[in-house]
Structure formats: structure tokens, C-alpha cells
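# Sequence plus the predicted model coming up.
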Amino acid sequence: MLDLRRLRVLRAVVRTGSVRAAAEQLGYTPSAISQHVAALERETGAVLLEKAGRGVRPTAAARLLADVADDVLGRLADAESALSALRAGRTGRLHLTSF
């Protein structure tokens, strides 16, 4: 199974366009970002980033995974919100009937 933390890291690299910017955004070192991406490449068996001058360019596989990460992480955020509301007693069903 793909690691969510690594997907989040890859998504940040794809969105920001650089390892350094992703590191700043997530509070990691650039080295840690590179290690996460390398581990994700091993997990997927796909090259995710290509060198482009001084930076990197996401491959088609990276863009695909970043899109999937958006969906998955969005759904997880929705689930966390729904669970929080449920714990707070703010959700439920109310059935009204009249005679």
C-alpha cells in the first residue's frame, strides 16, 4: 500500500515545482523530501521526478499520483471532519412524523 505521508510529499513537490519549496511548505529538509520521493519510487517501481536544469520535473506517473493524492487526502479530511462532528453530536438523523 502506498504511504500517505509520501504521497503528501510528492503532491507538494508537484504543486510547488521544486524539492526546496516543498520542503519549506511541509517543514522538512530538502534531503528528507528527496528520501521520501526515492522511497515512493521504490514502492511504485516508477520514476517520479526528472532533473530539469537546477530543479526537477514531475513525470506522468508523478502527476497521476499527485492527482490521486489530492482525492485520497481530500476524502480523509472529509472523513475526519465527519467523525469530529459525530463525536460532538452535531450529526445524525431526525425523523418527524405527524398524525
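Looks like it arrived, so ask away.
# where do the helices sit along this structure?
4-16, 19-26, 30-44, 60-87 (DSSP state H).
# If I look at the residue nearest to residue 46 when sequence neighbours are not counted, what pLDDT would I see?
Of all residues not flanking residue 46 in the chain, residue 61 sits nearest, at 4.0 Å (C-beta to C-beta, 6 or more residues apart in numbering). For the C-beta atoms, the positions are set from N, CA and C on the backbone; glycine is no exception. Among the per-residue scores, residue 61 holds a pLDDT of 98.
# Isn't residue 61 up against residue 49?
No. Here residue 61 does not reach residue 49: they are 9.7 Å apart, not a contact under C-beta atoms under 8 Å.
# the more surrounded of these two?
residue 49 (21 against 17; other C-beta atoms under 10 Å).
# per-residue confidence for that one?
98.
# swap in residue 43?
pLDDT for residue 43: 96.
# ok, back up a step: can you pull the contacts of the residue nearest to residue 46?
44, 46-48 (C-beta atoms under 8 Å, 6 or more residues apart in numbering).
# What subset of these is buried?
44, 48 (16 or more other C-beta atoms under 10 Å).
# could the contacts of residue 61 be laid out in CSV, adding distance to residue 36?
Below are the contacts of residue 61 laid out as CSV (distance: C-beta to C-beta, whole Å):
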residue, distance to residue 36
44, 12
46, 15
47, 15
48, 10
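# Closest one of the contacts of residue 61 to residue 31?
residue 48 (16.5 Å; C-beta to C-beta).
# do you know how far that closest one is from residue 7?
Distance, residue 48 to residue 7, using C-beta to C-beta, to the nearest Å: 11 Å.
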